[in-house]
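> here are the coordinates; sequence isn't available:
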Ligand code: FE2
């Protein structure tokens, strides 16, 4: 039985160099590889960034009507491919297609200087796909047209972000059940958690699915159309359909990470002081952490296993769609009952403050 982990996340963006600059400067990533016409990739520029176990690939089109350009025209910058590392790409591809995924790329072995990499791809949700990447050994590059670069900004002692904790995905109403069923049957994931979340006049359904090892987690969100439109509807409208709403980066020291990233230009959502008057009643004593959480606007939650701290960024994109989360787990394995509601309320507060959504 094969299992899945994250190989890398590919963003389709208007300008790969600008996007890479932002993630390097604001979030502390470093460039480890690059591809373009000089490496045989004639119609695209790709820059591979890394920090901890996280690898982000920024790709932009060099033509006006290629696949990447069309994605960006329709959705703006966003996550186009969540590439999953698998033991057998052909088997993973066959299983996903048998369960209803459309093939995007047939399994294809590519000889690279450091060994063979086999890749395939299928549709996932909206215009987002899953690549299945089979490496011969750790540390290989994910594509034949990427070349390693010596990075001047390589500073491993300053890395604050360790893994991709989870992806949150907005789905149009009516797609949640079949999407979860596909991840269970087509990828072998298990449903870990579900919740109906009500905030004011709005409501949404949420289901969490995980790979068997726990290395890959998706939180799927679907609006309840019986209620007033809310932030899920706003994302679907602005993005143009289903897509990744946010990525969560894990950190072992959220306070230090928030301070550093803020100083580097990352904008985090504000949390009102009243939140902290009630938080210990909900999650238990926080000791000296409470003042730090309040100062930095970090949210807290608890599940059966322990605490978690989290904070959300403003969307760095013009459409106000995709954004990022930092999460520090202190024993918590799930999201706690208040986690998703906490996000919802944080975004609602940002929308109320701006009068035009978190854009
Ligand atoms: Fe999240």
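Yep, it's here. Computed from a prediction, not measured in an experiment: that's the story for all the values here. Numbering: from 1, shown residues only.

> just say helix, strand or coil for the spatially most central residue of the chain.
In the chain, the C-alpha nearest the mean C-alpha coordinate belongs to residue 247, at 2.4 Å (CA atoms, centre = their mean). Following DSSP: H, G, I helix; E, B strand; the rest coil, we place residue 247 in the strand state.

> was I right about it contacting residue 167?
Yes - the pair residue 247 / residue 167 is scored as a contact, 5.8 Å apart, by CB atoms under 8 Å. C-betas here are computed from N, CA, C, even on glycine.

> on that earlier part again, and the residue nearest to the centre of the chain, bridged to which residues?
Bridge pairing for residue 247 (DSSP bridges) gives the partners residue 167, residue 324.

> can you check the pLDDT for it?
At residue 247, the pLDDT value in this model is 96.

> if we can go back for a sec, overlap in contacts, residue 247 and residue 167.
Jointly contacting residue 247 and residue 167 under the rule CB atoms under 8 Å, 6 or more residues apart in numbering are residue 79.

> show me what the strand or helix carrying residue 17 is in contact with.
Element membership for residue 17 (DSSP states H and E) is helix 16-27. Under the contact criterion CB under 8 Å, 6+ apart, helix 16-27 has outside partners 11, 13, 29-31, 45-47, 49, 51, 56, 58-60, 77, 153, 161, 249, 261, 264-266, 316, 324.

> average pLDDT for the helix or strand just after that helix?
Counting by DSSP H and E, the next helix or strand C-terminal to helix 16-27 is strand 30-35. In this model, strand 30-35 carries a mean pLDDT of 96.

> so which elements touch the helix or strand following strand 30-35?
For strand 30-35, the following helix or strand on the C-terminal side (DSSP H and E) is strand 44-51. With contacts defined as 3 or more CB pairs under 8 Å, 6 or more residues apart in numbering; DSSP states H and E, the packing partners of strand 44-51 are helix 16-27, strand 30-35, strand 54-61.

> what pairs with strand 44-51, parallel or antiparallel?
Counting by DSSP bridges, strand 44-51 is paired with strand 30-35 (antiparallel), strand 54-61 (antiparallel).

> highest mean neighbour count out of those strands?
Ranked by mean neighbour count, the strands paired with strand 44-51 are led by strand 54-61 with a mean of 23 (mean count of other CB atoms under 10 Å).

> and that one, how far out from the chain's middle?
13 Å (CA atoms, centre = their mean, to the nearest Å).

> I would like the residues contacting that strand, please.
Contacts for strand 54-61 (CB under 8 Å, 6+ apart): 6-17, 19-20, 23, 29, 32, 43-50, 67-69, 72, 80-81, 83, 142-143, 161-164, 249.

> quick check: angle from it to helix 16-27?
150 degrees (axes from the mean of the first three to the mean of the last three CA atoms, to 10 degrees).

> show me which residues of the helix or strand just after strand 54-61 are buried.
Downstream of strand 54-61, the next assigned helix or strand under DSSP H and E is helix 67-75. By neighbour count on 16 or more other CB atoms under 10 Å, the buried set for helix 67-75 is 67-69, 71-72, 75.

> what lies in contact with helix 67-75?
So helix 67-75 is contacted by 12-14, 44, 59-61, 63, 78, 80, 127, 239-241, 243, 321 (CB under 8 Å, 6+ apart).

> most surrounded residue in the residues you listed?
residue 12 (29 neighbours; other CB atoms under 10 Å).

> is that one bridged to anything, and to what?
Under the criterion used here (DSSP bridges), residue 12 is bridged to residue 59, residue 78.

> so it touches residue 80, yeah?
Yes - if you go by CB under 8 Å, residue 12 and residue 80 touch, sitting 4.1 Å apart.

> quick one: low-confidence residue ranges for the stretch 151-300 of the chain.
151-158 (pLDDT under 70).

> show me what from it comes close to the ion.
Within the stretch 151-300 of the chain, the residues that sit near the ion (CB under 5 Å from the ion) are 168, 248.

> residues touching residue 47, list them.
Here residue 47 is in contact with 16-17, 19-20, 31, 33-34, 57-59 (CB under 8 Å, 6+ apart).

> which of the residues you listed are close to the ion?
Applying CB under 5 Å from the ion to these, none is adjacent to the ion.

> and these, which two are furthest apart?
For these, the farthest-apart pair by CB to CB is 19 and 33; their separation is 14.9 Å.

> strands of the stretch 151-300 of the chain, start to end?
164-170, 190-199, 202-210, 217-223, 243-250, 299-302 (DSSP state E, counting those that start in this stretch).

> before we move on, the earlier item: the ion: which of the buried residues of helix 67-75 is nearest?
The closest of those to the ion turns out to be residue 75 (CB to the ion; 19.9 Å).

> ok, that closest one to residue 143 distance?
22 Å (CB to CB, to the nearest Å).

> quick check on residue 242: phi, psi?
Here is the backbone geometry of residue 242 (degrees, to the nearest 10): phi -60, psi 150.

> test my guess that it contacts residue 168.
No - with contact defined as CB under 8 Å, residue 242 does not count as touching residue 168 (11.8 Å).

> one step back: tabulate the strands paired with strand 44-51 (JSON lines), appending distance to residue 222.
Shown next, in JSON lines, are those (distance: least, CB to CB, whole Å):
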{"stretch": "strand 30-35", "distance to residue 222": "36"}
{"stretch": "strand 54-61", "distance to residue 222": "27"}
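
> could you count how many residues lie near the residue in the stretch 1-150 of the chain that the ion sits nearest to?
The nearest approach of the stretch 1-150 of the chain to the ion comes at residue 79, 13.7 Å away (CB to the ion). Counted by other CB under 10 Å, the residues lying close to residue 79 total 24.
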